[in-house]
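Enquirer: for reference, the sequence and a predicted model appear below.
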Amino acid sequence: MTDDQIPHTFQVDLRGLVDLLSHHLYSSPKVYLRELLQNAVDAITARRAEEAEAPATVRLHADGGRLRVEDSGIGLSESDVHNLLATIGRSSKRDGLESARSEFLGQFGIGLLACFVVAEEIRVVSRSARTPGASPVEWTARDDGSYTVRTLPGEARPEPGTTVYLTARPGSGDWLTEERVLALAKDFGSLLPYDVRVGDTQVTDRPAVWERAHPSPAARRVALARHCHELFGFSPLDTIDLDVPVAGVRGVAYVLPQAVSPAQRGGHRVHLKGMLLTDRADELLPDWAFFVRCVVDTDSLRPTASRESLYDDDRLAAVREALGNRVRDWLSELAAGDQDRLRQFLSVHHVGVKSLARHDADMLRTMLPWLPFETSDGQLSLEEFAQRHPVVHFTRSVEEFRQVAPIAAAQGIGVVNGGYTFDGELVEMLPRVRPGTSVAELDAATVTAHLDHVEPADELALADFLAAARARLDALDCDVAVRAFLPVTVPALHLDDRAARHERARAEEEEKADDLWSSILGSLRDETPRARLVLNHLSPLVRRIGAIEDRDLAATAAEALYGQALLMAQRPLRPADSALLNRAFLNLLEWAAHPTTTSEEGR
């Protein structure tokens, strides 16, 4: 063996390194191709920094067992090979190739060794462009941790640049097929600035679709829609340009065509200097912008060690804010100039805009005429609702709204359902963005106060029935009252505000708790009003039930009215409520089957 073929050993445990790379640092073996492309691109960038007219090509050839990657970059000398390919973690800042690479995305040594996740042997043949007349150098490494370095005749590599040969490890041949290599190359490298091909197929597709000249705005929309479908699998409702030079970001946001949960994060595609870094950059946009999916190219963000995600630093925070501002500006532009598109957008994604508006009073002010809210008058914007009602009442929960909305509407009380995500917060912000607007939370006492009292003689005539009803419903922490209200088709109204529910829940827990915890809960006892069953004196059914002389039958009828009111409010039923409904139903059936016997037993 000659001196230039003396085996050397890595200054790390290569087997351990491969395990680290494949199982801990990288999410998939597919990143090996990204590392090869990045090395080639960085090498070309380094050469062009010294030779502006140097060729800029990358060629990949795969056959399932082997892969060859050729670039016209700056190349490596023998000392570069030892320094960059053999000594992992070296951080020298001396002048030379390593210094030239310090401004680029890749690190040649660690990036090349990442190929061992799919290869059992890596062979590199390179000729340096820095030293005219220098001989090519060959570096061959195996996954057992050994490598050899030797110089080659000039004809082995006539021009400067580097060729990397991979030999697949057993079971990894699928990663080196031409079809797989082409798919990976297009995914990672479609926006790279140089000419990249797999066999005869072009990989790079520059300029990016959002930067190209199109015959018309309509043609551009079609091209962007096609691009979105290819990347994300959906046709966008709309598109938002994300050209933010101050943040070093260029790209496009695609608006989802269907509503999604605010908690859902579909991931954004981020290219760093043309190379795909990640397709799961959830942190790229503010949380409220969950209704878009983005693809961007940037030269300002920092990658993590694996180069598969973004480093969460002040730079990323600034980009996130800038992109959020761009989406916010787009919404304002729609409100000012394209209200049909805005209505179409809000019909799908109003929750996202509400999420933004609760932190941005200006946005709420802009969207006030457009954002839909569920109200006692139907689906309306807050602007229109506030114009109709001197006081904007709202409930804290959907259940409370369902209890009172029909009755409140009949009495002329305007109520907004604040139980949906963000709605209650926005209603409370209304006086800030619409001076002079009065906002008040609606509770059971307010509703009862708006219902008409009955004549004393009429209430006295119902005294026996009311006494029986109160006695039966007392165990359920429910009072009984009688009022006159519209519509007459509603025989009874169950009013149960948050304070009453809180006290009832506390009492239930107190009954189940041990002595110590029971005494603690007892100290929290509240004297707030209980739930109320409000009987409608205008209802013919209530008047007929009120005339029942049989006290037990009257109490059973009161239970049935209570259960019907609960069902009308669509409230979750407690076990005691379910038992009451079942008992009242069976008792009424028994009475209907044997009215005389049941009446005599009751007496």
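Expert: Noted; the coordinates are in hand. This is a predicted model, so every value here is computed, not measured.
Enquirer: now L462: how far from G412?
Expert: 26 Å (C-beta to C-beta, to the nearest Å). (Glycine included, C-beta is placed from N, CA and C.)
Enquirer: quick one, which of these two is more surrounded?
Expert: Each of L462 and G412 has its neighbours counted (other C-beta atoms under 10 Å); L462 has more, 20 against 10.
Enquirer: nearest spatial neighbour of the more buried one, skipping sequence neighbours?
Expert: Leaving out its chain neighbours, the residue that sits closest to L462 by C-beta to C-beta, 6 or more residues apart in numbering is G546, at 4.5 Å.
Enquirer: how about V488?
Expert: Nearest to V488 is L538, by C-beta to C-beta, 6+ apart, at 4.6 Å.
Enquirer: is it correct that the one you found is in contact with V490?
Expert: No: the pair L538 / V490 is not scored as a contact, 9.2 Å apart, by C-beta atoms under 8 Å.
Enquirer: hang on, the earlier thing: OK, contacts around the residue nearest to V488?
Expert: The contact partners of L538, taken as C-beta atoms under 8 Å, 6 or more residues apart in numbering, are 484-486, 488.
Enquirer: change it to 10 Å
Expert: By C-beta atoms under 10 Å, 6 or more residues apart in numbering, L538 lies in contact with 452, 454, 483-491.
Enquirer: neighbour-wise, which of these leads?
Expert: Of all the contacts of L538, the highest neighbour tally under other C-beta under 10 Å goes to F485, namely 23 neighbours.
Enquirer: distance of the nearest residue to that one once chain neighbours are set aside from I413?
Expert: Distances taken as C-beta to C-beta, 6+ apart put L451 closest to F485, at 4.5 Å, once the chain neighbours are dropped. As for L451, its distance to I413 is 10 Å (criterion: C-beta to C-beta).
Enquirer: same deal with L277?
Expert: 55 Å.
Enquirer: of these two, who's got more company?
Expert: Between L277 and I413, counted using other C-beta under 10 Å, the more crowded position is L277 (23 against 19).
Enquirer: the more buried one in helix, strand or coil?
Expert: With DSSP: H, G, I helix; E, B strand; the rest coil as the basis, the three-state label of L277 is strand.
Enquirer: that one reaches D299, doesn't it?
Expert: No: taking C-beta atoms under 10 Å as the definition, L277 is not a contact partner of D299, at 11.5 Å.
Enquirer: okay, and the common contacts of L451 and I413?
Expert: I407.
Enquirer: and P431, how far is that from V416?
Expert: 14 Å.
Enquirer: should've said C294
Expert: For C294, the distance to V416 equals 33 Å [C-beta to C-beta].
Enquirer: between those two, which one's more packed in?
Expert: With neighbours defined as other C-beta under 10 Å, C294 and V416 compare such that V416 has more, 29 against 23.
Enquirer: within the helices and strands, which one has that one?
Expert: strand 415-417 (DSSP states H and E).
Enquirer: who does that strand touch, helix- and strand-wise?
Expert: Here strand 415-417 touches strand 372-375, helix 382-388, strand 391-395, helix 398-410, helix 423-433, going by 3 or more C-beta pairs under 10 Å, 6 or more residues apart in numbering; DSSP states H and E.
Enquirer: please repeat the previous calculation with a cut-off of 7 Å.
Expert: In this structure, strand 415-417 makes packing contacts with strand 372-375, strand 391-395, helix 398-410, judged by 3 or more C-beta pairs under 7 Å, 6 or more residues apart in numbering; DSSP states H and E.
Enquirer: and the shortest one, which residues are buried?
Expert: Read that as strand 372-375. 372-375 (16 or more other C-beta atoms under 10 Å).
Enquirer: ok, S347 - how many residues close by?
Expert: 11.
Enquirer: and it, which of the three is it?
Expert: Three-state call for S347 (three-state DSSP): helix.
Enquirer: how about the contacts made by the closest residue to it other than its chain neighbours?
Expert: Leaving aside its chain neighbours, S347 sits nearest to P372 (7.8 Å; criterion: C-beta to C-beta, 6+ apart). Shown in contact with P372 (C-beta atoms under 7 Å, 6 or more residues apart in numbering): 346, 350, 379, 381.
Enquirer: among those, name the buried ones.
Expert: By neighbour count, with 16+ other C-beta under 10 Å, those hold 346, 350, 381 as buried.
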